[in-house]
Structures are given as structure tokens and as C-alpha cells.
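1. Coordinates only, no sequence provided:
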């Protein structure tokens, strides 16, 4: 018999897998688009390597995406979110008691 706790764990694991899948899709599109941009840059304007700007900008976003998905943030992780949600719910409950 499956308990509610098992279902919640399953849902969290499913969400994590979806986030990892999304990251790998992001990574694949980054690699493909960068390959095209590098080719275009080196073929038509090799004297100025402008593709580096796109690579760095998008790479920073990709890095932060990886940090979030794989839990490399020392804060803003799942436990932090749950804690903040509980804090806001407690504040709301306290306010409603006095009304």
C-alpha cells in the first residue's frame, strides 16, 4: 500500500527529473547554437570573434541553470523554499487571527 509520504517523495523525484531533463535540453540547444555561431563567425568575419560574447552571456545563464537544478546554491534550494512558504503561511494565519 502506497502512503501519502511515498506519493510526495515520488512527486519531488519526478519534479527533479523534469528539471534535469530541462537542463540537458538547454545544454543541447546551447551546444548546437554555439556551433552554428562559431561556424558563421569563422567563415565570414574571422578577424573579430564576436561569437565569444554570445557564448559567455548564454553560458552564464546555463551555469546558473545548472546551479539551480543540481542544488549547488547554498541558499534558494528546496528546503529554503519550504521554510519561506511556511513562514508566509504562519504570518498569514497570525494576521487572520486578529481580524
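-> Thanks, I have it. Note that the structure is predicted; figures quoted are calculated from it, not measured. Residues are numbered from 1 along each chain as shown.

2. what's the host helix or strand of residue 56 packed up against?
-> For residue 56, the host element (DSSP states H and E) is helix 51-69. Where contact means 3 or more C-beta pairs under 8 Å, 6 or more residues apart in numbering; DSSP states H and E, helix 51-69 is packed against helix 4-44. For every residue, glycine as well, the C-beta is placed using N, CA and C.

3. same question for the helix holding residue 56, mean pLDDT?
-> The average pLDDT within helix 51-69 is 95.

4. Touching that helix from outside, list them.
-> Contact partners of helix 51-69, identified using C-beta atoms under 8 Å, 6 or more residues apart in numbering, comprise 19-20, 22-23, 26-27, 30, 33-34, 37-38, 40-41, 72-73, 76.

5. In it, which residues are buried?
-> 51, 55, 58, 62, 65, 69 (16 or more other C-beta atoms under 10 Å).

6. Residue 35 versus the second one, what's the distance?
-> What that stands for is residue 55. 11 Å (C-beta to C-beta, to the nearest Å).

7. Check the third one too.
-> Look at residue 58 and residue 35: by C-beta to C-beta, they are 13 Å apart.

8. what does the fifth one give?
-> Residue 65 sits 19 Å away from residue 35, going by C-beta to C-beta.

9. Same check on residue 24?
-> Taken as C-beta to C-beta, the span from residue 24 to residue 35 is 17 Å.

10. Residue 10: what's it in contact with?
-> By C-beta under 8 Å, 6+ apart, residue 10 has no neighbours at all.

11. State the pLDDT value of it.
-> You'll see residue 10 listed with a pLDDT of 90.
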